[in-house]
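Student: quick one, what's the 3D model for this:
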Amino acid sequence: MLIFNKSKLINFTYWINICNTDGSAILINKDMNWTSFDVVAKIRNITKIKKIGHCGTLDPFATGLLILCLGKATKKIETFQNLPKQYNTTIKLGATTKSFDIEQPEENICDTSHLKESKIIDTINSFKGVIDQIPPMFSAKKVRGKKLYELARKNIDIELIPAKIEIYNIEIKKIELPFINIIIDCSKGTYIRAIARDIGYKLGVGGFITQLTRTKIGEYNYDNAYSIEEIISLQKH
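Tutor: Model prediction:
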């Protein structure tokens, strides 16, 4: 299947024709504050192709790689969804938020100066492997036909069942308290916000993410992805 990205020099009009006949996919580098459905709607407006789906939701404040399938290629969505993912994230220790990210105000603020770097490293590394993860209430995961964030915004609490996920690797890039920057390679269904929550809990100080970028889906890298602005420019030419 043809995948439109920066690593292959493909004429934009030719690609649209392929989308209309055989179906195709495109790598998009999502900007902050766009929802995944905003991106789908924008590409639908640009290409005039109605049948489009994305291969894994990114939160509005998150950036990075989003794969869209167009036309007949929408049959391949699940194949992309099942691929491992890589994320670059910054975690702030010493506070929590209800959404485990910057979209809700900080709570439970506490001092982190007592934390030793060795303890932080050991704690982060303890999450490698197959683990049980409780999904965030502020997520699009459906329980009993309802999206969790819809229940969370109504202050409705329900018991969440942990799901098995796998963390293949965690690379610690920087520790500058109260912030830590890490790269996580993980299986599908992993919530990075929940990883931040659990790291903070295990360290006894709380934690939430302040930045999140999806850098890879399988072999596909966000460096080869087009921004919406770049797609608009290609369309004009």
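
Student: only C-alpha atoms from now on, for both contacts and neighbour counts.
Tutor: Fine.

Student: return the distance of stretch 119-132 from the chain's centre.
Tutor: Its chain's C-alpha centre and that of stretch 119-132 lie 20 Å apart, by Cα atoms, centre = their mean, to the nearest Å.

Student: tell me the contacts of the most centrally placed residue in the chain?
Tutor: Residue closest to the mean C-alpha point of the chain, counted by Cα atoms, centre = their mean, is residue 58 at 4.3 Å. If a contact means Cα atoms under 8 Å, 6 or more residues apart in numbering, then residue 58 has 35-36, 66 as its contacts.

Student: same deal with residue 63?
Tutor: Counting by Cα under 8 Å, 6+ apart, residue 63 makes contact with 29-32, 212-214.

Student: pLDDT score assigned to it?
Tutor: pLDDT, residue 63: 97.

Student: where along the protein do the strands fall?
Tutor: For the chain, the strands defined by DSSP state E occupy 3-4, 24-30, 52-54, 63-70, 85-93, 129-133, 142-143, 146-147, 163-176, 179-186, 207-217, 220-221.

Student: then the fifth one to PDB, C-alphas only?
Tutor: Same thing as strand 85-93. Coordinates of each C-alpha in strand 85-93 appear next as PDB, following Å, rounded to 0.1, in the frame of the first residue of the first chain:
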ATOM      1  CA  LYS A  85       4.300   3.000  19.600                       C
ATOM      2  CA  GLN A  86       7.100   5.400  20.800                       C
ATOM      3  CA  TYR A  87       6.500   8.500  22.800                       C
ATOM      4  CA  ASN A  88       8.600  11.400  24.100                       C
ATOM      5  CA  THR A  89       7.100  12.800  27.200                       C
ATOM      6  CA  THR A  90       8.000  15.200  30.000                       C
ATOM      7  CA  ILE A  91       6.700  14.400  33.500                       C
ATOM      8  CA  LYS A  92       6.400  16.900  36.300                       C
ATOM      9  CA  LEU A  93       6.800  15.400  39.800                       C
END
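
Student: neighbour-wise, which one of the contacts of residue 58 leads?
Tutor: Each of the contacts of residue 58 was scored for neighbours by other Cα atoms under 10 Å, and residue 66 scores highest at 27 neighbours.

Student: that one against residue 34, yeah?
Tutor: No: between residue 66 and residue 34 there is no contact under Cα atoms under 8 Å: 11.4 Å.

Student: can you report phi and psi for the residue nearest to the centre of the chain?
Tutor: When quoted as degrees, to the nearest 10, the phi and psi of residue 58 stand at phi -110, psi 140.

Student: and the gap between it and residue 82?
Tutor: Using Cα to Cα, to the nearest Å, residue 58 is found at 15 Å from residue 82.

Student: for the protein, which spans come out with low pLDDT?
Tutor: Within the chain, the segments meeting pLDDT under 70 span 137-160, 237.

Student: now with 50, please.
Tutor: Applying pLDDT under 50 to the chain flags the ranges 151.

Student: what bridges to the closest residue to residue 171 other than its chain neighbours?
Tutor: Of all residues not flanking residue 171 in the chain, residue 183 sits nearest, at 5.0 Å (Cα to Cα, 6 or more residues apart in numbering). For residue 183, the beta-bridge partners are residue 88, residue 171 (DSSP bridges).
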